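S.K.: Below is the sequence, then the predicted model.
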Amino acid sequence: MNANHYSVTIGRQRVDLPLVALSEHLTLALLITVDQGVTFMELAGQDLADQLRPFDVEVVATVATMGIPVAIEVTRSLGLDQYVVLHKTPKIHLSDAEFEPVRSITTAVEQRLLFDRARVSSVAGRRVAIVDDVISTGASTGAALRLLRRLGADVVAIGTLVTEANLWRGALGDDASLVRALGEIPVFHPSEEGWVEDWEG
């Protein structure tokens, strides 16, 4: 780690993530999937698909927006065609969507995860893997789990490029055992010597 970046291994790849202050007491190593390039996402998708393959996944689900590139590449690598997206931003086709409240570490206000009612048949009674770019507090993942299960999905695995610290374990409870990650990162707190890694969160 230098003053501005944190280096992490994600599957077969090594990347330098920018350090971004969330507050005067908390800084994050920021993984933005859409900034990593096509080759990075293709290889990461293959690596994560390899972790999920033993679970006989039928459908991949993700939370918009940064999880979408992950879902596309994992779906492709698993030899599947369709994936589903849980949205945080209202869209015209989501006016009567199924929903679940959620609050994430990078969002100050409570949001809702929205799922298109027209896609319910894509997950009901099927083996679903939730994938995302980062699992941090576990709030978004937990909301996705609750919503998909309420719609009849059998969530068999949770895949992520990286986990961040360990708060997510408590938030997910027994479901933490479903998580498969390609890497892990801490959060950071200031000190007189610079940034201190915090693996608990």
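M.R.: Everything's here; your move. Residues are numbered from 1 along each chain as shown.

S.K.: roughly how far apart are Leu52 and Ile158?
M.R.: When CB to CB, to the nearest Å is the yardstick, Leu52 and Ile158 sit 9 Å from each other. (Each C-beta comes from the backbone N, C-alpha and C, glycine too.)

S.K.: who has more neighbours, those two?
M.R.: Ile158 (26 against 20; other CB atoms under 10 Å).

S.K.: Sketch out the low-pLDDT regions of this protein for me.
M.R.: Under the criterion pLDDT under 70, the flagged ranges of the chain are 1, 104-108.

S.K.: could you pull out the helices for it?
M.R.: Secondary structure of the chain (DSSP state H): helices at 38-52, 68-77, 120-123, 139-150, 167-172.

S.K.: and for Leu52 and Ile158, which residues touch both?
M.R.: Common contacts of Leu52 and Ile158, defined by CB atoms under 8 Å, 6 or more residues apart in numbering, comprise 129, 131, 180.

S.K.: between those, which is nearest Pro18?
M.R.: When the shared contacts of Leu52 and Ile158 are compared for distance to Pro18 (CB to CB), Val131 wins out at 22.8 Å.

S.K.: Neighbours of the closest one, how many?
M.R.: Around Val131 there are 31 residues (other CB under 10 Å).

S.K.: And Ala153, by the same measure?
M.R.: Ala153: 25 neighbours (other CB under 10 Å).

S.K.: ditto for Leu31
M.R.: Based on other CB under 10 Å, the number of other residues close to Leu31 is 22.

S.K.: Who are the contact partners of it?
M.R.: 15, 17, 66, 133-134, 161-162, 185 are the contacts of Leu31 under CB under 8 Å, 6+ apart.

S.K.: Enumerate every residue touching the spatially most central residue of the chain.
M.R.: The centroid of the chain falls nearest to Asp132 when counting by CA atoms, centre = their mean (2.3 Å). The neighbourhood of Asp132, defined by CB under 8 Å, 6+ apart, consists of 62-63, 66-67, 70, 140-141, 158-161.

S.K.: ok, those residues vs Val8, which is closest?
M.R.: Leu161 (9.4 Å).
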